[in-house]
Structure formats: C-alpha cells, structure tokens
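Chemist: this one's structure only:
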C-alpha cells in the first residue's frame, strides 16, 4: 500500500504540520505520477478519489496515509463529499479533510444504514466499520440520515445524532 504525508483536519479543529520530508515525499510522488511511472495502472494514493467514492485514512494524524477503498466495508472509513482547492475550502462540518499538492478531499464518515461505525473520540484514532456488538464503546449504528439539523426529527430509536449544520443534515444513530 502506497502512503503519503498530508494535512489532516478533524471536526475538532486539530491540524498537523506537514514536515519537510512529507512535502518532499508528496512532491516526489506527484512527479512520478506526472511522468507516468505508475506501472500498476491504478492509483492507490486516494487523493484521486472522486465525490461519492470512499477512502481509508490510516494512522495517527502525523503519519496518516490515504488510499481508495470500497464503500460500506472495512477498511473504508470516509466518503468523499466534495473536493476543494485547499482544506480550508471544505465544508466546515466535514468529518475530516485530506490536503496534498493539487487540492483537498472533504470527507464524511462512511455511514451505511443498519451498519455500525466505531467513532473514537481520541484525536489520533480513526473511525472504522465495526461489528454491531452490544457494549462496544464509541460504536454507533446508523438509523437514517435526515435532511435537517432539527435532531428532534430523528427516529425515536436514535440515542445520539451527528448534525452537519452547514449542509443541513443529521446522521441519527443508536448504540448496538
């Protein structure tokens, strides 16, 4: 799996600084791709993912990697909701942003109705698809996504919600 260094921004507002080595690695990767030195015929950097596709963001922020993944199953943990020239141009309620040379991916959790996601509160921990085993901490089953931030509109079975105020929607969840 090919990984690159990048800025990662979380909803909590934490940002990391790209190291000189990380910038050099991104530049070298961009040069290799531009020169057509990819003999595999596929791009595994994840930064070429399109809106609606999913990626796997791995590792703690300072060493995080990103690669394309199949939506709805591990290891996918985020879905691309938009692309922007820079992370600062992503919707402010994106769950995560990934920035590198050439732009940024604006990401939300890879929610799937009736499936569970582990959504750790630790700043360097990444979400993941998870079994819906009762009692797992910070694990939520998606009931529905509603087109409002009025959380009273979530179904009665919802025990928690994840509102996206800028985009006027809410993920209504419960614990398994």
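Modeler: Received the coordinates, thanks. As the structure is a computational prediction, the values presented were derived from the model and not from experiment.

Chemist: CA atoms for contacts and neighbours, from now on please.
Modeler: OK.

Chemist: correct me, but residue 159 touches residue 174?
Modeler: Yes - counting by C-alpha atoms under 8 Å, residue 174 is a contact partner of residue 159 at 4.7 Å.

Chemist: so between these two, which is more surrounded?
Modeler: When neighbours are counted by other C-alpha atoms under 10 Å, residue 159 and residue 174 differ, and residue 174 comes out ahead with 18 against 13.

Chemist: quick one, phi psi at the spatially most central residue of the chain?
Modeler: Centroid check for the chain by C-alpha atoms, centre = their mean gives residue 78 as the closest residue, at 3.2 Å. Dihedral pair for residue 78: phi -140, psi 150, per degrees, to the nearest 10.

Chemist: isn't it right up against residue 51?
Modeler: No - applying C-alpha under 8 Å, one finds residue 78 not in contact with residue 51, separated by 11.2 Å.

Chemist: which neighbours do the two share?
Modeler: When contacts are counted by C-alpha atoms under 8 Å, 6 or more residues apart in numbering, the set common to residue 78 and residue 51 is empty.

Chemist: distance of residue 175 from residue 138?
Modeler: 8 Å (C-alpha to C-alpha, to the nearest Å).

Chemist: more neighbours: which of these two?
Modeler: Per other C-alpha under 10 Å, whichever of residue 175 and residue 138 has more neighbours is residue 175, with 20 against 12.

Chemist: quick check: closest non-adjacent residue to that one.
Modeler: residue 140 (4.8 Å; C-alpha to C-alpha, 6 or more residues apart in numbering).

Chemist: burial of the one you found, as a residue count?
Modeler: When neighbours are defined as other C-alpha under 10 Å, residue 140 has 29 of them.

Chemist: ok, it - contacts?
Modeler: Residues counted as contacts of residue 140 (C-alpha under 8 Å, 6+ apart) are 116, 117, 118, 119, 132, 173, 174, 175, 176.

Chemist: ok, now residue 158?
Modeler: With contact set as C-alpha under 8 Å, 6+ apart, residue 158 has these partners: 143, 172, 173, 174.

Chemist: wasn't the residue nearest to residue 175 part of a helix?
Modeler: No - going by DSSP: H, G, I helix; E, B strand; the rest coil, the assignment for residue 140 is strand, not a helix.

Chemist: in the sheet, who's paired with it?
Modeler: residue 117 (DSSP bridges).

Chemist: how close does it get to residue 149?
Modeler: Distance, residue 140 to residue 149, using C-alpha to C-alpha: 18 Å.
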